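Participant: Need the 3D shape of this:
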Amino acid sequence: MSTTDTTEILPRPSLGSGKCTSYDRAPEGEIDWTLVRDLWVQSMLLEQDGQVSRVYAPCVVFLDGTWLPIGPMGDLDAARRLCHRWSAIHDASVSDMTRPRPPAISPEGNLVDISPADLEGNISDEAWSYDAKENRFRLNLACVGTDLGIKVMNHGKTLDQKIEALTPGLDRIEAIFRACDVIQPHYVRPWMATVREAAVWWLRETDWSDADYIETPEDDGRSMADEVRKEGVTLETALIRLKERIVQIYRDMRWDDGTLVEDRAERAQKAFTAGSERLAYFAGRMTPHA
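Facilitator: Okay, here's the model as predicted:
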């Protein structure tokens, strides 16, 4: 390890064009994000051993229209996850025309003729669709399902665990339906099938359990270090600002349902350690870990 003075200005990111052919893959810490237009999921065909398959590459597109890959070619979900992780950290948009956006929850085919007064159980207000022409409410089964899905999101669960966690909520809704005198019993099973289908759909579309951008706090620490380095500061100042940002982000870190993340202090420490090592590397004081 060298004895570089902490008062020296850290080098700023310099990669601002895809014309720099010395990179097969653009390193996050070298990209000048002020010169980035957007992130892009590129679809391409790969021929290997006589077989042709479609693969996808996450890419960064610069203001001059040139681009570079930012990760390996692979399946579509992996490319999209990496682009969205970097998008969230560096405030860059994502261009992804590789598949249509998931459809919104439409009332069509999901509305049933039940009013709020008919059900005594706890049904989310967002699940009721108002018909202004008929001046009445109807229940949107798909919205009931998405509400259940939202309640079990995150908390470090895998997708399968979150789907399994739907069971108590589904049982509660079914009990509400069966206790309602105006709902004929033979309607309950198909209605519950619609509710469950919507809940699972929501969880699959919003699942980031194995996504790059939440894989480790270390990833976020290194990315925040690169953001600090853009400000043209010394190592000493950069470490102070990195700590301030990490404290701000992790102090009140919450899951989507509003509950605090239990191990947020441990996550913050891991993020700071990785970020400080990244800063020290660019100051010429050590070898990077990742």
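Participant: Quick check: most distant residue from the centroid of the chain.
Facilitator: Relative to the centre of the chain, and counting by Cα atoms, centre = their mean, the farthest-placed residue is Asp181 at 42.2 Å.
Participant: Check the gap between it and Pro190 for me.
Facilitator: Separation of Asp181 from Pro190 (Cβ to Cβ, to the nearest Å) stands at 19 Å. C-beta coordinates here come from the backbone N, C-alpha and C atoms, glycine included.
Participant: Helices of the stretch 151-290 of the chain, start to end?
Facilitator: Secondary structure of the stretch 151-290 of the chain by DSSP state H, counting those that start in this stretch: the helices cover 159-164, 167-179, 185-205, 217-229, 235-250, 264-282.
Participant: So which of those helices is nearest Val55?
Facilitator: helix 185-205 (21.8 Å; Cβ to Cβ).
Participant: Pull the residues that contact the closest one.
Facilitator: Here helix 185-205 makes contact (Cβ atoms under 8 Å, 6 or more residues apart in numbering) with 102, 105, 110, 112, 141-146, 148-150, 152-153, 159, 162-163, 166, 169-170, 173-174, 177-178.
Participant: which of these count as buried?
Facilitator: By neighbour count, with 16 or more other Cβ atoms under 10 Å, the contacts of helix 185-205 hold 105, 110, 112, 141-146, 148-150, 152-153, 162-163, 166, 169-170, 173-174, 177 as buried.
Participant: re earlier: give me the distance between the residue farthest from the centre of the chain and Ala193.
Facilitator: Applying Cβ to Cβ, the value for Asp181 to Ala193 is 22 Å.
Participant: for Ala92, same thing?
Facilitator: Relative to Ala193, and taking Cβ to Cβ, Ala92 is found at 40 Å.
Participant: So which of those two has more stuff around it?
Facilitator: Taking other Cβ atoms under 10 Å, Ala92 and Ala193 do not tie; Ala92 has more neighbours (17 against 12).
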